[in-house]
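Engineer: Need coordinates for the below:
(one chain, ligands or ions: 1)
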Amino acid sequence: MASGVCVIDELVVDTSALISWPITELSGAVIVKSQIQELERHSPSRADMIDAIGVIVSGPSQDAISSTSMFAMETGDMGGLSVTDLHLVATAYERGGVLVTDDYRMQNLAERMGIRWESVNSDGISQFWTWKLKCLGCGREYDSPETPAKRKGLLGECIDCGSKLKLKRI
Ligand SMILES: [Zn+2]
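Structural biologist: Predicted coordinates for the structure are as follows:
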């Protein structure tokens, strides 16, 4: 007689999954605190339901955030991530869970860190890329920022010519 232990992977879900997945699928899923506010802004009734079915609200440790930040600077994804994004990846890393996201920067970072990931509505990335922050005007290259963007997509301006900075694939 075989007696097996059934291990269910813990899912660390991003906000698009919180919004679009059937509520029942989200029971036992792991989220980070800032997502509750994002969800309350987007859909208060959905936020209430998710609270009722029992998701795990987890905060990654400072160690996990530091390790994840180092990887994110190395891949060049840091400038394109929000604090929530970074904390979700750090949470999946720390808990050994599966990261569920359509965000290709989070997928890219997860891939680099050996975190298993799944996409929500899209196919997801098929290759791992490295990114460099570059000025669209004069072409000056910048080192990766050490912290996530204040607002997603906000990469700043060139200190030489004032043009917008963009993440370019290496
Ligand atoms: Zn420039």
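
Engineer: Give me every residue in this structure lying close to the ion.
Structural biologist: Those residues of the chain that sit near the ion, judged by Cβ under 5 Å from the ion, are 135, 137-138, 140, 158, 160-161, 163. Where C-beta positions appear, they are placed from N, C-alpha and C, glycine not excepted.

Engineer: host element of Leu165?
Structural biologist: strand 165-169 (DSSP states H and E).

Engineer: mean confidence score for that strand?
Structural biologist: Regarding strand 165-169, the rounded mean pLDDT is 93.

Engineer: can you pull the contacts of Cys135?
Structural biologist: The contact partners of Cys135, by Cβ atoms under 8 Å, 6 or more residues apart in numbering, come to 141-142, 158, 160-161, 163-166.

Engineer: most surrounded residue in the residues you listed?
Structural biologist: The most neighbours of any of those, using other Cβ atoms under 10 Å, belong to Leu165, which has 21 neighbours.

Engineer: Disregarding residues adjacent in the polypeptide, which is nearest to that one?
Structural biologist: Excluding its sequence neighbours, the residue lying closest to Leu165 (Cβ to Cβ, 6 or more residues apart in numbering) is Leu155, at 4.4 Å.

Engineer: That neighbour: neighbouring residues, count only.
Structural biologist: Around Leu155 there are 15 other residues, counting by other Cβ under 10 Å.

Engineer: for Ser34, same thing?
Structural biologist: A total of 16 residues lie near Ser34 under the criterion other Cβ under 10 Å.

Engineer: Please tell me how far it sits from Trp21.
Structural biologist: Ser34 is 19 Å from Trp21, where distance means Cβ to Cβ, to the nearest Å.

Engineer: if we can go back for a sec, can the residues of the chain next to the ion go into TSV with extra columns for secondary structure?
Structural biologist: Below are these laid out as TSV (DSSP: H, G, I helix; E, B strand; the rest coil):
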residue	secondary structure
Cys135	strand
Gly137	coil
Cys138	coil
Arg140	coil
Cys158	coil
Asp160	coil
Cys161	coil
Ser163	coil
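
Engineer: what's the average pLDDT for stretch 40-50?
Structural biologist: For stretch 40-50, mean pLDDT rounds to 90.

Engineer: from here on, count from 31
Structural biologist: Sounds good: first residue 31 from here, last item stretch 70-80.

Engineer: show me where this protein has helices.
Structural biologist: Here the chain has its helices, by DSSP state H, at 45-50, 63-72, 74-83, 92-105, 113-125, 134-143.
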